[in-house]
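A.B. asks: give me a model of this one.
(4 chains)
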Amino acid sequence: MGPILIVTESTASGITDSTKECVGKAKELAKVLGTSTVALGFGPGAVDRLRRLDVNKVIAAEDGEFAVYNPAVCENALVQVVAETAPFLTMIPNTTMGLDLGAGLAGRNNIPLIAYCSDLQEQDGKITAVSQVFAGKLLARVPVPGDGAIVTVLPGSWPTGEETGDPVVETISGDYSSRMRVIRVIEPEKGDVDITKADILVSVGRGIESPDNLPLADELAEAMGGVVSCSRPVVDAGWLPKARQVGKSGQTVKPKLYLACGISGAPEHLQGMRDADLIIAVNTDEEASIMEAAHFGTTVDMLDLMPALAERLRGG
Amino acid sequence: MRVAVLLKAVPDLVEELVLDEESGSLQYDEMSYVPSEWDDQALEEALILKEESGAQVTAIAVSTGDVDTMLFTALAKGADHVVKITGDFDASMSNWQQARVLSDYVREQDFDMVLSGVQAIDDVDGQIPGLVAGFLNWPHASVVTEVRMGGDSKVLLRQEYSGGLVAEIEVESPVVIGVQAARKPPRYASVAKVRQVAKSVAIEEVSAGAPAGPAFADIQFVRPVAAGRAEMIEGDVDAVADRIVQILADHNLLRRA
Amino acid sequence: MANTDTVLIVGAGPGGMEAARTVAELGKKVLLVEAQAEIGGTPYASYATLTPDLQETEAAMGHIVRGIRHNPSIDLRVNTRVVKSEGDIGAFHVTLENPDATQTVVEVGAVVIATGFQHFDPGRETQMYGYYEYDDVITLVDAEAMFKQGKIIRPSTGQAPDSVAFIQCVGSRDRQIGNKYCSKVCCGIASKQSIEIKRMLPNAKVFIFYIDMRMYGFWEDQIYWKAQEEYKVNYVRGIVTEVIRRGGKLLIKGEDTTMGRPVEVLMDLVILSVGMEPSKGTVQMSKIFSVPREEHGFLQTVGGPLDTVSTPVPGIFVAGAAAGPKDIEDTVSMGGAAAAKAVGALNRLALEV
Amino acid sequence: MQKAKAIELEIAVVDGVELNGTWNRMFEPRVISEYDLSVLEEITNIPGAESLGYCYQCGKCTAVCPVDSVGDYSPRKIFRRTQLGISLLDSPDLWLCTTCRNCLRVCPKEVNMIDIMPAVREQAVLEGKAPAELLTAFENTARYGNPIGESARKRADWTKTAGVPVPVMSQKKAPVDVLWFVECYPAYHPRGKEASAALARIFAALGVDFGILGTEEKCAGDSQRMAGERGLFEMLAEHNIKMLSKYRFNEIVVTDPHAYNAFLHEYPKLGGEWPVRHYTQFLAEKLAGVNFVKGIKKRITFHDPCYLGRHNGEYEAPRSLLRALPDVELVEMGHCKQTSYCCGGGGGGMWLDGFTRDYASERLSERRVKEAVEYGAEILAVSCPYEVPRFEDAVKSTGHDGQIQVMDIAELMAYCMGLNEGLAIS
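C.D. replies: You can find the predicted model right below:
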């Protein structure tokens, strides 16, 4: 059986959590399958970044062409590494990189692809991948074929692995050039709030009562690493700009967490947020229709809860 | 510049997905189909390119069901030409197989660029453009939010990464692009216009054989644990706050230090 | 000794002609005196079509004119002026100046004055519309002369205009120039002319700048609505006060009062909707027959709205625009009324005698 | 003094430099330097929009236009702006009209916004110039048969909550007296569903022999027509006519005045001609047989739906129902019957709240709720399914929660008949 190959991803602050989750899972699976793990990393400093990963082997492609992430160049390198190492599983975080490389590799090397994977389960030496299909409305349980597969893994699927390894380090170089060239990478502008892009939304409704209470929401959002959004009455009152409005006449959002505070949940509002992964509703009315859409609900006063929650999250 | 836009109809999630809970198989007959929303974005970006640079836009769909309205709508929106690939296909046809059929057609034609939605929600491989690019061995970029013409048959792309980072990419055609979003919201084709097009323009039909390729055996579908009505968190403010922190931790939503 | 058989009618326009026909029909003799060579008056001489029905003037009035000429009861004297009058009802001794400059005295029982109006002179005093400076500033009357030729052109170039502006109330409703009154017909005539222009030049842009549109009775839908709805004539509330030459065109300046914004727009042709003033003849007849003029300068009548034709002088009646701004309908009606009253006065006199 | 307004372009390029927002601030030219009549000509050449050119600026419409009362809009102003070369096709004015017909009621020149608006909007939709949220409603309607984007299969799900059998024609397989055309908001909106359930119970109590189309029914489409999607309207009408033609019934009863309007005036043109009544008309005739068991000791006012009242002349039927309710005191608002003001939902307004917000000082529904409160009403009774959600929202946003309730006449009637115990009249 071939090794488990993890295509690693890193940002300015180092290896991503999603990569570490793959590493942890790969190690667990390799152990029961009796195979090894290999991590492939791109870009300058890849050797240093991957040196402590808990894998058996690290392959680093550091040279000039890898100075910035270039989908076609990385795909060329990956195709070669896969040809040489013949992995059983190729795991890639299901980010832009995963969407670039997973399908491209699958097509070029004729390997089945399982995307939007949220779990890999082992039983009797067989691996079953769980893939989110139909926008998460269903999960597909896919037996990984004996010849292996490529899986692109949704961030947040597993706990992150530890960086306590001492792998063999190999660097590769060659002609991976492509007709594709990255001209520049642009940093996001600071201060712009696009609630459709936020993973976490602290959304306030009429229950905020007064604009004087908005700092409570701001502080909570900051503590959670999220952004403040709202329902229409708050915009109508002029307390928050239109760009923050969730709902039929505002934005449609699909965050990982939607914390609805003091929002009753008019159908027009639900239309804009019902696809959030996790919805927690804070509303003194247990019968409010937001409770139908929410996963968790509470009837405590949002104005008390927000600071209490912020304090815990800052403290943690 | 000839641009191919690959369109796919996917099950409409507004309708309940009907599942045989015993066998874990999907009841495809019970589904109603809508154009994949990302394909709509790809078509829009192609039409913007047409307006900017006079590109010739061909919309292509594999006939896994009724795709005519989708193709007529593409014409009504401004596509120059539409192609339906026919064969012994049905709604259960995998993305892999569709990508095969589409790439075979694209290879024979003289397209400079292939645009399609970055995601297709109805299959485990989830992505037509990457597979098509792989089969064609053309360069490919996903999560693209802008496509423009550069000089010398070059194409300029904007690719988005998490955290709001954006890369500007230049690529010599031919290229395959997985479109996340067009620069403008997809345009609306009025019903009158679609009906008029349907009466006056014919869809080109091209037949294809059944594609071979990796297929997953025994995919089982299950419903995620149903959310239903909110689980009420009881207790005073402190108890509730503690519980919410725990829920966030369970969902990997706590900020990591 | 009284002459109860003959009515003198001064002026052979629509009012005078109708008075003459009516007197003749009522069995009296008519002496119809017209200073011009032709009869028919201002509309017949100057207007290509009539307001409000856009009938061609010749077709509408020709048979009336011919009827007057051939009526045995009507003694028509053209190129003839009234120069003097003495006596009273039943015995007016009126001196006529014949075409050969000789004078004749006639005796008549009653008189109908139908000496009409003249158009306001747009060059006068405060009116700064450049009528005498710019070829392409014309009046309603000039426009009618062109319509008679079957065309409308910019006099400066001989070409058809692309844009035409009517300016309403020129010479009317203005205390400073001494004409406080509304001339009554110009809104209708401008609308009628705008329809004619659009018929000849469907692509021309035609504007009417107005203070208020004064469309009496049926004129509202017969001309105003028709011009706007069928002929796409543009009515803009707010009067133009300045016309200056810019390039080969005319820059008109005014205020669009509906929008509350100034207007400075280029036009090819500007048509001044000039109003009515008492004609010279009317002023002279006032002196000759000692009929006082009312405060606006027209012949005075005594009955207010209830008697529109009797003057303060017994036996002397007035018809048409000699008594104030009138459209043709009013003028003709007054002609009939004045004739009836004149014949009636003579009949009463005959009974007394 | 009226000052010239500042205008900002989203992006202005000056010497190759992009200037956005306040950096390219300019002032609207004060002087009118051209009357670009091509624009007026373009608009009035659209079949149906001819009468815009008839306006003679009397201003009667401005006085009665509900939209002008919250903004700067009226047919007179539209004509003048168009005459000055501002194209209605590109102007937000095009989407503000709710087709309430109050202007046409007073217009001496019969400038007919009821014809002009759909005609010009249709052109704008063709040119891709319609607001996005409206297009979403169109797309939903085309796809699901309802503008809300709810599952077509769930159109009859509300019947489960009715508590009485609601026969669906395809299952009943027998002729009925009354074919009840339910419409979208009564089938899907939570408050609409409550009113539908109440009406079903009233029908059952009165022994009405009725049936519904269920999932065979699609939106009647009248508001989509008024909002500029005639093609969509025709598609829906063809579908509904085809479905209705399968069954035998004596008359159609509709919940929605917009559907009433369509069945009365538009469907016959497409071959679908049946006797049709609004449910208030139907019930008003049956009042003698109604057994009221309790009263409502409240002051109730009635909001006339534009498409029942001004469009189709029915003012009395809903009032006769309200007057019949025991203990009720019916009060009239200043704007009532012929002079009633719009709730803001008609002519596509239902799907343009986000757009309209930027051009109005408040929503029309808020104006109306304030008026109802001003006249001392404790219950605002309605008979159009657009209105319960609109007015309930407005009650909250104007701070009148607890002071006035919004109820469909069917809900009130069912309550007094002892068929609506759940209704909380506070």
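
A.B. asks: next up, phi/psi of residue D:98, please.
C.D. replies: Dihedral angles phi and psi of residue D:98 (degrees, to the nearest 10) take the values phi -100, psi 10.

A.B. asks: same thing with residue A:120?
C.D. replies: phi -130, psi 120.

A.B. asks: distance-wise, check it relative to chain B.
C.D. replies: 13 Å (Cβ to the nearest Cβ, to the nearest Å). For every residue, glycine as well, the C-beta is placed using N, CA and C.

A.B. asks: ok, residues contacting the helix or strand harbouring residue B:105?
C.D. replies: Using DSSP states H and E, residue B:105 falls within helix B:95-108. Counting by Cβ atoms under 8 Å, 6 or more residues apart in numbering or on different chains, helix B:95-108 makes contact with A:106-107, A:112-113, B:4, B:6, B:8, B:60, B:62, B:64, B:83, B:85, B:87, B:89, B:114, B:120, B:122-123, B:125-128, B:131-132, B:135-136, B:206, B:208, B:210-215, all of which sit outside it.

A.B. asks: buried subset of the residues you listed, written for ChimeraX?
C.D. replies: Applied in ChimeraX, the following selects the buried portion of the contacts of helix B:95-108 according to 16 or more other Cβ atoms under 10 Å in any protein chain shown:
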select /A:106,107,112,113 /B:4,6,8,60,62,64,83,85,87,89,114,120,122,123,125,126,127,128,131,132,135,136,206,208,211,214
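
A.B. asks: take the contacts of helix B:95-108 and keep only those in helices.
C.D. replies: A:106-107, B:128, B:131-132, B:135-136 (DSSP state H).

A.B. asks: so the closest residue to chain B within the stretch 101-250 of chain C: helix, strand or coil?
C.D. replies: Going by Cβ to the nearest Cβ, chain B is nearest to residue C:232 of the stretch 101-250 of chain C, at 28.1 Å. Following DSSP: H, G, I helix; E, B strand; the rest coil, residue C:232 is assigned to coil.

A.B. asks: quick check: it vs residue D:53, distance?
C.D. replies: Applying Cβ to Cβ, to the nearest Å, one obtains 6 Å for the distance of residue C:232 from residue D:53.

A.B. asks: which residues does residue 56 contact?
C.D. replies: Looking at chain A here, since you left the chain open. Counting by Cβ under 8 Å, 6+ apart, residue A:56 makes contact with A:3, A:30, A:36-38, A:167-168.

A.B. asks: ah, I was thinking of chain D
C.D. replies: Residue D:56 touches C:213, C:224, C:228, C:235, D:108-109, counting by Cβ under 8 Å, 6+ apart.

A.B. asks: residue B:20 now?
C.D. replies: Applying Cβ under 8 Å, 6+ apart, the residues near residue B:20 are B:26-27.

A.B. asks: what sits opposite the residue most central in space within chain B in the beta ladder?
C.D. replies: Among the residues of chain B, the one closest to the centroid is residue B:117, at 3.2 Å (Cα atoms, centre = their mean). For residue B:117, the beta-bridge partners under DSSP bridges are residue B:179.

A.B. asks: check whether it really touches residue B:40, as I assumed.
C.D. replies: Yes: with contacts counted by Cβ atoms under 8 Å, residue B:117 reaches residue B:40, the gap being 7.5 Å.

A.B. asks: burial of residue 95, as a residue count?
C.D. replies: Just so you know, I chose chain A. 21 (other Cβ atoms under 10 Å in any protein chain shown).

A.B. asks: if you could check chain B rather than the one you did, that'd help
C.D. replies: 22.

A.B. asks: report the separation between it and residue B:89.
C.D. replies: On the measure of Cβ to Cβ, residue B:95 and residue B:89 end up 13 Å apart.

A.B. asks: same check on residue D:35?
C.D. replies: Per Cβ to Cβ, residue D:35 is found 60 Å from residue B:89.

A.B. asks: in stretch C:154-167, what's buried?
C.D. replies: C:154, C:156, C:160-161, C:163-167.

A.B. asks: what's the closest of those residues to residue C:134?
C.D. replies: The closest of those to residue C:134 turns out to be residue C:156 (Cβ to Cβ; 7.7 Å).

A.B. asks: what residues are up against the closest one?
C.D. replies: Residue C:156 touches C:134-136, C:248, counting by Cβ under 8 Å, 6+ apart.

A.B. asks: swap in 7 Å and give it another go.
C.D. replies: Contacts for residue C:156 (Cβ atoms under 7 Å, 6 or more residues apart in numbering or on different chains) come out as C:135-136.

A.B. asks: so is it in a helix, a strand, or just coil?
C.D. replies: coil.

A.B. asks: so what pLDDT did it get?
C.D. replies: With respect to pLDDT, residue C:156 scores 96.

A.B. asks: helices and strands around the helix or strand bottoming out on mean pLDDT in chain C, which ones?
C.D. replies: The weakest-scoring helix or strand in chain C, judged by mean pLDDT, DSSP states H and E, is strand C:240-246 (a mean of 91). Contacts defined by 3 or more Cβ pairs under 7 Å, 6 or more residues apart in numbering or on different chains; DSSP states H and E place strand C:240-246 against strand C:249-256.
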